[in-house]
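K.L.:
Fold the stuff below for me.
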Amino acid sequence: MKQGIYTIAEHTTLARDVRRMVLAGDTSALTRPGQFVNLLVEGCYLRRPISVADWDGESLTLIYKVVGRGTGRLARMLPGERLDLLTGLGNGFDPAAGAGEALLVGGGAGVPPLIGLARRLRERGRGVTAVVGFNTACEAFGIEALKAAGARTIVATADGSLGVGGLVTDAIAAAHPAYGYFYACGPLPMLRALCQTLPTPGEVSLEERMGCGFGACMGCTCQTAGGPRRICLEGPVFRKEEIRWNEIPK
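P.N.:
Model (predicted):
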C-alpha cells in the first residue's frame, strides 16, 4: 500500500452514470490487474474503493459508476484538481495462471479491471475472449477499450438492445469460446453462476462494501475453503475453488 497525491489529467463520461478518470502520479505500488485504490473524497468520512482499469508508468485509469454521495462528488471534479489515494490495494488477478486461451467475463461495474488484464494477457501471447454484460445498451462501456487491448469482445444485454439478448452465461453458451482458464468480475449472482457452470479453473473478483480497504476493520470478511478471508486484503480476487458459495448470501 502506498499513499500519494494524484492530479486529474482527464475526466470524461463513457455511458449513463459511468465516468472515466485518468490520474497522473506514482503507480509503482500497482503490480496486478484487479487491484484497487482508495480515494479520499472531500466531505466523506470513509475513502471510496475503486478498481483500477489500467495503468502505465505515469498514470492510472479509473472507470466508476456514480451511485451515491461519494462518487457523485467525485464526478463533479475537474482536470487539474488533485486527489489523495491509497494505491496497490488488494490481491489482483494472476495473468500467469492457466495456459492457452483465456476467457474474461464482466458484468456492469465489474468490466473495468478486465481492460488492464486483457492487455497483460495479450502481452504474454495468450488469446483472449471477453464477454461483458449490461442491462441495456445505454449502460454499456469498455467495449472498444477491450478490443484495443486485443480481446475478442462479445456483448450481452438483458433487454437485447445490444449484442446477445440475455445474460453473460447465455452469450458464452451461444459463442462457445475456446478457453482453458477464466477470469471474472461482477455481481455475486453472475459470479456464482459462472463458478457453478464453467468447467475450467478460474479466478473471480468479489464485490463488497469496505470500511478501511486494507484489512484492519474486518468488515468485508467472507468464508472460503481456507477459512475467513478479507476481501480487501486476501481478495478481492480468489480462485474458483476457494469460494464457498453455500456460505455467501444470495
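
K.L.:
what packs against the helix or strand S51 falls within?
P.N.:
In this structure, S51 sits in strand 48-55 according to DSSP states H and E. Other helices and strands packing on strand 48-55, by 3 or more C-beta pairs under 8 Å, 6 or more residues apart in numbering; DSSP states H and E, are strand 36-40, strand 59-65, helix 69-75, helix 112-123. No exception for glycine: its C-beta is placed from N, CA and C like everyone else's.

K.L.:
How about the contacts made by L74?
P.N.:
By C-beta atoms under 8 Å, 6 or more residues apart in numbering, the contact set of L74 is 19, 21, 39, 41, 48, 64, 66.

K.L.:
List the neighbouring strands of the strand holding S51 plus their orientation.
P.N.:
strand 36-40 (antiparallel), strand 59-65 (antiparallel) (DSSP bridges).

K.L.:
Just send the ones you listed back as CSV, with mean neighbour count, distance to T200 and mean pLDDT too.
P.N.:
Output for the strands paired with strand 48-55, formatted as CSV (neighbours: other C-beta atoms under 10 Å; distance: least, C-beta to C-beta, whole Å; pLDDT from 0 to 100):
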stretch, mean neighbour count, distance to T200, mean pLDDT
strand 36-40, 23, 26, 96
strand 59-65, 21, 27, 97
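
K.L.:
Can you pull out the residues in contact with the helix or strand of the chain with the lowest mean pLDDT?
P.N.:
Between all helices and strands in the chain, the lowest mean by mean pLDDT, DSSP states H and E belongs to strand 221-224, at a mean of 85. Outside strand 221-224, the residues that touch it by C-beta under 8 Å, 6+ apart are 206, 208, 228-231, 234-235, 238, 242-244, 247-248.

K.L.:
No further queries at this time; thank you.
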